[in-house]
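> Provided below for reference: sequence and predicted model.
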Amino acid sequence: MSSPSLRKPGEVVFSLLLVVFSLFVFWQAYKIAGFSSMSSAGAFPMAASFAMLLSSCFIFVKTLRTPKAQGMRFFYHCLPPVVAFIMAIILIYAVLLNSVGFTLTSFAFLFICIQTLHRRSPFYTFALSLITLIVVYIVFRLIFQVVLPEGIVPEDRVIAVIKSLWS
Amino acid sequence: MDALSYFATSWVSPELFGLTALGTFLGIYIGAIPGLSVTMAVSILISFTFSWDVNNALCLMVGVYMGGVYGGSRTAILLNIPGAPSAIATALDGYPLAQKGLAGEAIGLSTVMSVIGGFVGIIVLALAAPTVSKFAITFQPRDYMMLGILGITLVGSLSGGSLAKGIFAGALGLLVGTVGLDPMTAQERFTFGDVNLWNGINPVAVMIGMFGVGEALHQLHYMDKTVVKQKINRILPKLSDLKKYLPLSLQSSLLGVIIGALPGTGGDIAALMAYDHAKRITKNPKVPFGEGAKEGLIAPESANNAAVGGAYIPMLTLGIPGDAVTAVFIGALFIHGLNPGPLLLTEQPHMFWFTVGNLTLSNIFVLIFGLTGIKIFSKIVECPKGILIPIIFLLSIVGSYAINNSIVDIWWMLAFGILGYFMRLYRFPVGPVILGVILSSLTDQNWRRAILSERGDLGPFFAHIFTSPLSTVLFLAIVWIFFTQTPIWTKMLKPRLFRKKSST
């Protein structure tokens, strides 16, 4: 852990991005109604974005003044490969969810994540992901009645087959 | 009499009774597992329970809230890792106690004190809320606007980091809340011509992103921390200890309720302040603070559970969240078609007494589950993060999808998750963002009502602030918060005042 008085790698860029973003939203807020009246639709967004702009400039200047933390690298301490990897996996998951369906994408997602983070044998991970998926499915799809995208897996038929095994 | 029957709703219905028990049980474990926070759990739960009956959903969520605030103490004591932010102060003296082999006693004592704190919070809620609500009807739009701003600046200034970062986070939340069609004029705001954005950004997606994915991504840094096993013998605390520390517990509880009731500040800040308070009033502790003083364990534990009841006061009477979790609760109540605010108590008194009854029941369950099941507990907490974190991701994604069955909400969730990750990394508080999103339309609309009633003129607006004592107090409080951050206060006045204090 680093002491709070030191600047982490990327912090300057992050606070600069905040300034740029605040400037952009301030301009956008101005475009809603301009300075037409204190009670216009744009007045409050302008006030909020102005507060963002002021505070982000203040943060940026303050960040520039703080001494840099020694021996810290952005891709090791701030955005380690594993974090970037997981972010990418979530992104892919969200893209595929609607077309491929909940069961398959979630299984693949759990398998890849658990394998990356837990590092056991693939069989162990496979079983674990399957059990987790079944529990999540039962709890959320069947008990909580959450509608999940079905995709290419004919869930209704699978459930019907499982039910017929009991009766 | 009516109140009593509403109060007992969740006690007599087996379904609600069971859900409260389940919620409390889950809450204790969620709170205890480092990396799973109560805010995270409650925001994920909203998305799964929105199709339920409102009573069932509230029972489960209230249970999780109450249990979760307590649960954080367990891992703080056993592992020196606070399971929840409200248990940070607990770890300071709880872990040294465990190192001395007194883990069981520390857990027992913290359980009982948490429950006492919880009851103090609930009693104050039950007594104060009706009065506050009557008073709240006389509030002017400008008072609501200032309460909103006060909530955001308070949490920004008290959460320990820089006020500028807190204000940035709060203003960002306010801005996110304005996206979409303006409810008063139907003008488009930040929609960039996209019809999908007319309804704005779903606040639940923002919450799950900030507290679910953002937090879980952050936890990936701490994958290798191993769990140290502790032997636990005696759990029931000694009666003499209870008697001895009861006054301190009651004091800290009252402090906790007050901090909890302030808009924006919740259990985490209450616990830290109570710890400070205990340190100041305990003249000759048997064991120095930080080395296993029981006072240092009792004060934060009573305070953080008392803050739960406190946080409900502004939420139920004003519609202003007392902390991040109650901000999420307000989101849940909106989804269920309820409108928390000064009229809730008169129009739907059953909701109020139902909540009070529910909190009470859940607090009793904290006592029961807190003093039993320690063995299973240590097993569950040892669940490796490599398995836990993927499940949190999965639940976050499914949860944000489930609210509207829309993929767009997943994108927002992910975007706010990544933003939340970097904000945490660079020490920005994320709580104010959620408070901002929830408070946005309230602050916006009341600002416009206030300024319209002054015919758009700022002069009379400020002049009229000083005609009402309440507005004056709120205005001065906001000015005071900003003033304490200026160099005039930090460099010139504060050192002088402190010197005075230490010399007397």
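Received it, and whenever you're ready, just let me know what you need.

> Could you tell me whether residue B:185 really is in a strand?
No: counting by DSSP: H, G, I helix; E, B strand; the rest coil, residue B:185 is not found in a strand; it is coil.

> What is the neighbour count of residue B:6?
Counted with other C-beta atoms under 10 Å in any protein chain shown, the neighbours of residue B:6 add up to 19. The way it works is simple: take the backbone N, C-alpha and C, and place the C-beta from them, glycine included.

> What pLDDT is listed against it?
pLDDT, residue B:6: 83.

> Got the domain ranges for chain A?
A:11-74, A:80-155 (automatic domain parsing).

> mind putting these in a markdown table, distance to residue B:358 and mean pLDDT included?
As requested, the domains of chain A are arranged in a markdown table below (distance: least, C-beta to C-beta, whole Å; pLDDT from 0 to 100):
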| stretch | distance to residue B:358 | mean pLDDT |
| --- | --- | --- |
| domain A:11-74 | 35 | 89 |
| domain A:80-155 | 20 | 86 |
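
> Quick one: closest of the ones you listed to residue B:468.
domain A:11-74 (20.0 Å; C-beta to C-beta).

> Need the distance between the two termini of that closest one.
9 Å (C-alpha to C-alpha, to the nearest Å).

> For that domain, what is the distance to the chain centroid?
Its chain's average C-alpha position is 22 Å from that of domain A:11-74, according to C-alpha atoms, centre = their mean, to the nearest Å.

> and what of stretch B:103-123?
Going by C-alpha atoms, centre = their mean, where stretch B:103-123 is centred and where its chain is centred differ by 18 Å.

> What residues sit buried inside it?
Across stretch B:103-123, burial judged by 16 or more other C-beta atoms under 10 Å in any protein chain shown covers B:103-123.

> out of those, which are inside helices?
Among the buried residues of stretch B:103-123, the members falling in helices are B:103-123 (criterion: DSSP state H).

> hang on, the earlier thing: quick one: closest of the domains of chain A to chain B.
domain A:80-155 (3.0 Å; C-beta to the nearest C-beta).

> Give me the distance between the two termini of that closest one.
End-to-end for domain A:80-155, by C-alpha to C-alpha: 38 Å.

> Now do the same contact list for residue B:398.
Residues in contact with residue B:398 (C-beta atoms under 8 Å, 6 or more residues apart in numbering or on different chains) are A:102, A:106, A:136, A:140, A:146, A:148.

> go again using 10 Å as the cut-off
Each residue near residue B:398 by C-beta atoms under 10 Å, 6 or more residues apart in numbering or on different chains is listed here: A:97, A:102, A:106, A:136-137, A:140-141, A:144, A:146, A:148, B:44, B:47-48, B:208, B:410.

> Out of these, name the two that are farthest from one another.
Pairwise across those, and taking C-beta to C-beta, the largest span is found between A:137 and B:208, at 19.4 Å.

> Of those two, give the one with the bigger neighbour count.
Neighbours were counted for residue A:137 and for residue B:208 using other C-beta under 10 Å; residue B:208 has more, 34 against 20.

> circling back: okay, and which of the contacts of residue B:398 map to helices?
Per DSSP H, the subset of the contacts of residue B:398 in helices is A:97, A:102, A:106, A:136, B:44, B:47-48, B:410.

> Give me the buried subset of those residues.
A:97, A:102, A:106, A:136, B:44, B:47-48, B:410.

> Which one of the residues you listed is nearest to residue A:79?
Using C-beta to C-beta, those come closest to residue A:79 at residue B:410, 21.3 Å.

> How many residues are close by the residue nearest to the closest one when sequence neighbours are not counted?
Leaving aside its chain neighbours, residue B:410 sits nearest to residue A:94 (4.4 Å; criterion: C-beta to C-beta, 6 or more residues apart in numbering or on different chains). Using other C-beta under 10 Å, residue A:94 has 21 other residues around it.

> shaky segments in chain B?
Confidence mapping of chain B against pLDDT under 70 gives the ranges B:1, B:34-35, B:81, B:83, B:158-161, B:224-234, B:375, B:378-382, B:497-504.

> could you redo the ones in helices among the contacts of residue B:398 as JSON lines and give each row distance to residue B:223?
Below are the ones in helices among the contacts of residue B:398 laid out as JSON lines (distance: C-beta to C-beta, whole Å):
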{"residue": "A:97", "distance to residue B:223": "26"}
{"residue": "A:102", "distance to residue B:223": "27"}
{"residue": "A:106", "distance to residue B:223": "22"}
{"residue": "A:136", "distance to residue B:223": "22"}
{"residue": "B:44", "distance to residue B:223": "21"}
{"residue": "B:47", "distance to residue B:223": "27"}
{"residue": "B:48", "distance to residue B:223": "27"}
{"residue": "B:410", "distance to residue B:223": "25"}
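
> quick one: which of these is nearest residue A:20?
residue B:410 (26.0 Å).

> Run through the residues that contact the residue nearest to residue B:342 when sequence neighbours are not counted.
Among residues not flanking residue B:342 along the chain, residue B:136 sits closest, at 3.7 Å (C-beta to C-beta, 6+ apart). Counting by C-beta under 10 Å, 6+ apart, residue B:136 touches B:129, B:143-144, B:147, B:314, B:317-320, B:341-345.

> Only the buried subset of those, as a PyMOL command please.
This is the PyMOL syntax for the buried subset of the contacts of residue B:136, where burial follows 16+ other C-beta under 10 Å:
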select buried, chain B and resi 129+143+144+147+314+317+318+319+320+341+342+344+345
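
> Of the domains of chain A, which is nearest residue B:357?
Of the domains of chain A, nearest to residue B:357 by C-beta to C-beta is domain A:80-155, at 24.4 Å.

> Can you pull up the most central residue in chain A?
residue A:87 (6.7 Å; C-alpha atoms, centre = their mean).

> wait, that residue sits on residue B:213?
Yes: look at residue A:87 against residue B:213 with C-beta atoms under 10 Å: they come within range, at 8.8 Å.

> any residues in contact with both of the two?
Contacts common to residue A:87 and residue B:213, judged by C-beta under 10 Å, 6+ apart, are B:414, B:417-418, B:421.

> Need these in TSV (columns: distance to chain A).
Shown next, in TSV, are those (distance: C-beta to the nearest C-beta, whole Å):
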residue	distance to chain A
B:414	6
B:417	8
B:418	6
B:421	7
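
> Considering those, which possesses the most neighbours?
That'd be residue B:417 among these, by other C-beta under 10 Å, with 28 neighbours.

> who's in contact with that residue?
A:87, A:90, B:205-206, B:208-217, B:393, B:396-397, B:400, B:410.

> Which ones among these map onto helices?
A:87, A:90, B:205-206, B:214-217, B:393, B:396-397, B:400, B:410.

> Give me the phi and psi angles of the spatially closest residue to residue B:485 that is not a sequence neighbour.
Residue nearest to residue B:485 in three dimensions, not counting chain neighbours: residue B:163, with 4.5 Å by C-beta to C-beta, 6+ apart. Main-chain dihedrals, residue B:163, degrees, to the nearest 10: phi -60, psi -40.

> ok, now residue A:7?
phi -90, psi 130.

> Tell me the spacing between it and chain B.
Separation of residue A:7 from chain B (C-beta to the nearest C-beta, to the nearest Å) stands at 9 Å.

> I'd say that residue and residue A:72 touch.
Yes: using C-beta under 10 Å, residue A:7 is in contact with residue A:72, at 9.2 Å.

> who's in contact with the one residue in the stretch 251-400 of chain B that gets nearest to chain A?
Nearest residue of the stretch 251-400 of chain B to chain A (C-beta to the nearest C-beta) works out as residue B:386 at 3.0 Å. Shown in contact with residue B:386 (C-beta under 10 Å, 6+ apart): A:113-120, A:125, A:128, B:220, B:223.

> contacting residues around residue A:127?
Applying C-beta under 10 Å, 6+ apart, the residues near residue A:127 are residue A:121.

> That one should be in a helix, yeah?
Yes: under three-state DSSP, residue A:127 falls within a helix.

> Can you tell me how far it is from residue A:104?
17 Å (C-beta to C-beta, to the nearest Å).

> Kindly report the same for residue B:178.
On the measure of C-beta to C-beta, residue B:178 and residue A:104 end up 39 Å apart.
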